[in-house]
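Peer 1: Sequence first, then the predicted structure:
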Amino acid sequence: MKELEERIAQQGTVKPGNVLKVDAFLNHQCDVELFDHMGAAWAEHFKGKTIDKILTIEASGIGIACVVARHFGNVPVVFAKKAQSINLDGDQYTTTVYSFTKQKEFPVIVSKRYLNEGDHVLLIDDFLANGKALKGLIELCHEAGATVEGIGIAVEKGFQGGGDQLREEGYDVDSLAIVESMDPENGTIEFRSCFFQYAQTIIREDVTVERREEHRENRKKDEGKRHEKRRVF
């Protein structure tokens, strides 16, 4: 998405440790018009897919997800929480993920009331680095018996490999800006070319069909095991 790349180039700041600050428009001060354009881009990419719920993780993904939901028929937005609180009651889906920016592990929690078997889920987040947070959300969806229809990412750090790994596993990951490299010394940011992304999509469609089928079979086996446990207990 050219508009997002231009904003990153103009207002983004590269910090040591592979940190990219985009708080002027994405995850501290929020440019709602930009979010709306992002939602339109994802709606175009995922058109034809059944999406009846959007799942994100607190806190930076919430604003983006809520605006994006307007482009998918105002579907509900659920955000996974990173800590237990007195407001979280009843049965919950939980897992633990490692945060690249926080440099620590934290829990990921979603109430079972809001993530259900048969849901068709679009995952939305502001950043994708090594993919740990997204894999946590995917794990919760699988535990619930929900289907991950796609993953929408604002900024992907392509050099950290998380997005490409998810694509190899068969997930439809649409990152609006993929940073291929960045240099904190001179502040330069290089983006993955559109041609490379297009070629990667073709390769993914051609090569990973078998892997997608394998993951579907594994998910079916996992669901079968969960049903067995329900019958036993």
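Peer 2: Cool, got the structure. Note that the coordinates shown come from a computational prediction; the quantities given were computed from them, not determined experimentally.
Peer 1: How many residues are close by the residue nearest to residue 23 when sequence neighbours are not counted?
Peer 2: Counting by Cβ to Cβ, 6 or more residues apart in numbering, residue 29 is the residue found nearest to residue 23 once chain neighbours are left out, at 6.5 Å. Any C-beta I mention is one placed from the backbone N, CA and C, and that applies to glycine too. As a burial measure, residue 29 scores 10 neighbours (other Cβ atoms under 10 Å).
Peer 1: What is the three-state secondary structure of residue 29?
Peer 2: coil (DSSP: H, G, I helix; E, B strand; the rest coil).
Peer 1: how about the strands in the protein?
Peer 2: Using DSSP state E, the strands of the chain run over 13-15, 19-21, 53-57, 77-80, 92-99, 104-111, 120-128, 147-157, 173-182, 189-191.
Peer 1: hmm, who's touching the last one?
Peer 2: With Cβ atoms under 8 Å, 6 or more residues apart in numbering as the contact definition, strand 189-191 has outside contacts at 5, 8-9, 12, 14, 20, 177-182.
Peer 1: Same question for stretch 171-182.
Peer 2: 1, 4-5, 8, 14, 18, 20, 38, 41-42, 45-46, 128, 138, 148-159, 163, 166-167, 188-192, 197.
Peer 1: Just the buried residues of these.
Peer 2: 1, 4-5, 8, 14, 18, 20, 38, 41-42, 46, 128, 138, 148-158, 163, 166-167, 189, 191-192 (16 or more other Cβ atoms under 10 Å).
Peer 1: my guess is residue 112 meets residue 92, correct?
Peer 2: Yes: between residue 112 and residue 92 a contact is recorded at 6.2 Å, counting by Cβ atoms under 8 Å.
Peer 1: Same drill for those two, tell me which one is more crowded.
Peer 2: Legend: neighbour count by other Cβ under 10 Å for residue 112 and residue 92, higher for residue 92 (17 against 14).
Peer 1: From residue 172, how far out is the nearest residue to residue 117 once chain neighbours are set aside?
Peer 2: Excluding the flanking residues, the one nearest residue 117 by Cβ to Cβ, 6+ apart is residue 145, at 3.3 Å. For residue 145, the distance to residue 172 equals 19 Å [Cβ to Cβ, to the nearest Å].
Peer 1: try residue 7
Peer 2: 24 Å.
Peer 1: Same check on residue 121?
Peer 2: Counting by Cβ to Cβ, the gap from residue 121 to residue 172 is 12 Å.
Peer 1: Need the residues touching each of the two.
Peer 2: residue 149.
Peer 1: Between these two, which is the more surrounded one?
Peer 2: More neighbours surround residue 121 than the other of residue 121 and residue 172, with 25 against 19 (other Cβ under 10 Å).
Peer 1: Surely that one touches residue 145?
Peer 2: No: in this structure, residue 121 is not within contact of residue 145 by Cβ under 8 Å, at 10.9 Å.
Peer 1: Please verify my assumption that the residue nearest to residue 117 contacts residue 118.
Peer 2: Yes: the pair residue 145 / residue 118 is scored as a contact, 6.8 Å apart, by Cβ under 8 Å.
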